[in-house]
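Student: Structure here, sequence nowhere to be found:
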Ligand SMILES: Nc1nc2c(ncn2[C@@H]2O[C@H](COP(=O)(O)OP(=O)(O)OP(=O)(O)O)[C@@H](O)[C@H]2O)c(=O)[nH]1
């Protein structure tokens, strides 16, 4: 016997579980791979867009500054022709300031840095000294970092040196750009302002914000930031960074020509990731109907595959008949082989059980039924209320046969009598050997008179059929009957035995029937 308890899990559940696991693993892997590829693509695209955008803005600002410096250079030449004449300087400063909106103010300073002309005149800075002496010392075209002007505005200052026609250094002419006011610079950046949550800011060489979408931050000095570090080294490119405010950003950056400034265009990393999450959600929602269909197909397939084996397992548990097992639809090779093995097993078992039954219910010497068969038939008939007759038989002086001819001849006589008995019965009658030389014949649906006739026929038949070498053998018989009154079978048997005893007493070789 196999040991251990019956496993609770069945084949269908196992198939379903493993198939589900395989599908889930594949699905998750696909989703993860899609997520990774899409993330890389989106991040790359965002970096590339910001890099290109920063480069474009830097180029435009560079061109604008170049044009500003060119205008200042032209004015410096004009002023240099007659530097001492105040009206001449003032007129050129005014023309320069008014010709477009490049500069919020224009000033002219002498070689010592003292402001000698300015426009608009409302500034009232004439006579004051420039805050930074660098342009005076450098004596070349320059664009300053952001600083606070003499009147308190946050500005950048573009300047050109003024030379006399003889080559003497006279001072400088400069234009200021007010960072908190409208000017050509923020016009350029604002015009290109992107819609997709990217934004641009501009820093000078000292990390001051020259432009920022948040006007309150203009002038602020920005802390450590990899993009600003790179752009101030004059590099252009793109990389994921952590901003000075601690947010993960995808930044493109480019250095602005002529100025030492840098443009940074950046987008929060969360923006493409949110887009990606929405995309993945759409993908998941999109695959749900097909997944449900797949699950149903899987369920069907698992049931279809496991059904033959489950049925065979059930039949094996019930030790079902071979006909039951044959009904199982074994539609694939393994199930077919198992069913075949089970059918063969069932047939062998049936055959063995049949043999054992026959051995248990029949008398091995004569092949007639034994006492158990007789009792079983009597009980059945009693329960069914079936009328019957009982003929009890005993061979006369059988001991003498044994004594005279030996036990083997005695057996032969018993077998010959059994054959004779069979020849004198109907199909439905039941002949049994219930003792050594004692026999019972049960006759269903038979009257007492008919049973007595059968008994007499048997007696005569034996008497007239010598069994060599024993010769003539005789028999005593008692006949009883059970009718509608349905007496207890044991009483009917006792009655037949009693009559048999009377037949023996009366001289043997005779039939005694109930009266
Ligand atoms: N050969 C053989 N003899 C058996 C078998 N079973 C019982 N016997 C013998 O049958 C004999 C029965 O003898 P008894 O009961 O004295 O009866 P009987 O000699 O027939 O005498 P009555 O019945 O009075 O006519 C015994 O000798 C048993 O040994 C058997 O299977 N084979």
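Tutor: Yes, it's here. No experiment lies behind these values; they were computed from the predicted model shown.

Student: Burial check on residue 348, number of neighbours?
Tutor: Residue 348 has 11 neighbouring residues, counting by other C-beta atoms under 10 Å. In this view, the C-beta of every residue, glycine as well, is placed from N, C-alpha and C.

Student: That one falls within a helix, correct?
Tutor: Yes. Under DSSP: H, G, I helix; E, B strand; the rest coil, residue 348 sits within a helix.

Student: in which helix or strand would I find residue 301?
Tutor: helix 270-318 (DSSP states H and E).

Student: Report all helices and strands that that helix contacts.
Tutor: helix 11-81, helix 322-327, helix 333-361 (3 or more C-beta pairs under 8 Å, 6 or more residues apart in numbering; DSSP states H and E).

Student: relative to helix 333-361, how tilted is it?
Tutor: If you take axes from the mean of the first three to the mean of the last three C-alpha atoms, to 10 degrees, helix 270-318 sits at 20 degrees to helix 333-361.

Student: Let me know the average pLDDT across helix 270-318.
Tutor: When pLDDT is averaged over helix 270-318, the result is 91.

Student: List the residues that contact residue 318.
Tutor: residue 324 (C-beta atoms under 8 Å, 6 or more residues apart in numbering).

Student: Return the distance of it relative to the ligand.
Tutor: 41 Å (C-beta to the nearest ligand atom, to the nearest Å).

Student: quick one: buried residues of the lowest-mean-pLDDT helix or strand in the chain?
Tutor: Lowest by mean pLDDT, DSSP states H and E among the helices and strands of the chain is helix 184-191, with a mean of 72. Residues 184-186, 188-189 are the ones in helix 184-191 that count as buried (16 or more other C-beta atoms under 10 Å).

Student: Over to stretch 17-37?
Tutor: By 16+ other C-beta under 10 Å, the buried positions in stretch 17-37 come out as 19, 35.

Student: now that stretch, how far from the centre of its chain.
Tutor: 7 Å (C-alpha atoms, centre = their mean, to the nearest Å).

Student: pLDDT averaged over it - what is it?
Tutor: 92.

Student: Residues touching that stretch, excluding its own?
Tutor: Contacting residues not belonging to stretch 17-37 are listed as 276, 280, 283-284, 287, 291, 294-295, 298, 302 [C-beta under 8 Å, 6+ apart].

Student: Need the residues you listed in a markdown table (columns: distance to residue 335 and neighbour count).
Tutor: Below are the contacts of stretch 17-37 laid out as a markdown table (distance: C-beta to C-beta, whole Å; neighbours: other C-beta atoms under 10 Å):
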| residue | distance to residue 335 | neighbour count |
| --- | --- | --- |
| 276 | 48 | 17 |
| 280 | 42 | 16 |
| 283 | 39 | 14 |
| 284 | 38 | 12 |
| 287 | 33 | 14 |
| 291 | 29 | 15 |
| 294 | 24 | 15 |
| 295 | 24 | 14 |
| 298 | 19 | 16 |
| 302 | 14 | 20 |
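
Student: what residue ranges in the chain score low on pLDDT?
Tutor: Where the chain drops to pLDDT under 70, the residues are 1-4, 191-196, 358-359.

Student: so which of the contacts of stretch 17-37 would you say is closest to residue 98?
Tutor: residue 276 (51.7 Å; C-beta to C-beta).

Student: so which residue of the stretch 151-300 of the chain comes closest to the ligand?
Tutor: residue 300 (66.1 Å; C-beta to the nearest ligand atom).

Student: repeat for the stretch 201-350 of the chain
Tutor: Closest residue of the stretch 201-350 of the chain to the ligand, C-beta to the nearest ligand atom: residue 350 (30.9 Å).

Student: And the residue of the stretch 151-300 of the chain closest to the ligand, how far from residue 177?
Tutor: 75 Å (C-beta to C-beta, to the nearest Å).

Student: Neighbour count: these two, which is higher?
Tutor: Taking neighbours as other C-beta under 10 Å, residue 300 and residue 177 compare with residue 177 leading, 26 against 10.

Student: tell me the SS of residue 442?
Tutor: Assignment for residue 442 (three-state DSSP): strand.

Student: Quick check: it touching residue 386?
Tutor: No. Judged on C-beta atoms under 8 Å, residue 442 makes no contact with residue 386 at a distance of 10.5 Å.

Student: Pick out whichever of those two has more residues nearby.
Tutor: residue 442 (26 against 14).

Student: Burial check on the nearest residue to that one once chain neighbours are set aside, number of neighbours?
Tutor: Nearest non-adjacent residue to residue 442, counting by C-beta to C-beta, 6 or more residues apart in numbering: residue 430, 4.4 Å away. By the criterion of other C-beta under 10 Å, residue 430 has 19 neighbours.

Student: swap in the one 4 residues further on?
Tutor: Burial of residue 434 is recorded as 21 neighbouring residues (other C-beta under 10 Å).

Student: okay, now the closest residue to it other than its chain neighbours: neighbour count?
Tutor: Excluding the flanking residues, the one nearest residue 434 by C-beta to C-beta, 6+ apart is residue 371, at 4.7 Å. Neighbourhood size, residue 371 [other C-beta under 10 Å]: 15.
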